[in-house]
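# sequence plus the predicted model coming up.
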Amino acid sequence: MASRLFVGNVPYETTREELAALLSAAGTIADLHVPTDRVTGRPRGFAFVTYATEAEATDAIQRLNDLEVRGQKLSLSEARERPARGPSAPRPPFDGGGGGGTGRRRTFKSKGSRRGLRGRKRSL
């Protein structure tokens, strides 16, 4: 088991310091990451905590899982690595789907060129 844990269902009003004080009851915290929303700047409702040893992480799961904080029960589990994203990640083959519609490509000119043509025909 790894010493990095996922802490879910964290109340939005809980500050980083309060969460650190609560989680330090199970052992020495090496790192605490509380992601925030880009737009509002408030916490997103989860956190990642890294304990100094695996034994402390296991103890934290046993002691703090389902602990009620501000009316919500915390959920502690082993953190999993997120799958790779971006240009280095393999992409699924293109199936031509998505976006709705009939799936056919337009083969005619854009409306702008047709409008000019209509205007020239009227002037003749």
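That came through fine. Please read these numbers as outputs of a predicted model, since none were measured by experiment.
# mind listing the residues bridging to Asp31?
Thr50 (DSSP bridges).
# count of neighbours near Val10?
Applying other Cβ atoms under 10 Å, we find 21 residues neighbouring Val10. Every residue, glycine included, has its C-beta placed from N, CA and C.
# lowest average confidence, helix or strand, in the protein?
Sorting the helices and strands of the chain by mean pLDDT, DSSP states H and E puts helix 111-123 at the bottom, at a mean of 60.
# span of stretch 61-80 from start to end?
One end of stretch 61-80 to the other measures 15 Å (Cα to Cα, to the nearest Å).
# with stretch 44-53 instead?
26 Å.
# stretch 28-41 now?
27 Å.
# who touches that stretch?
Identification of contacts with stretch 28-41 by Cβ atoms under 8 Å, 6 or more residues apart in numbering yields 3, 10, 16, 19-20, 23, 42-44, 46-53, 56.
# let's see the PyMOL selection covering just the buried ones among the residues you listed.
In PyMOL syntax, the buried subset of the contacts of stretch 28-41 is picked out as below (16 or more other Cβ atoms under 10 Å):
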select buried, resi 3+10+19+23+43+47+49+50+51+56
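# buried residues in stretch 15-30?
Leu19, Leu22, Leu23, Ala26, Gly27, Ile29.
# the first one and Glu81, how far apart?
Spelled out, it's Leu19. Between Leu19 and Glu81 the distance, using Cβ to Cβ, to the nearest Å, works out to 22 Å.
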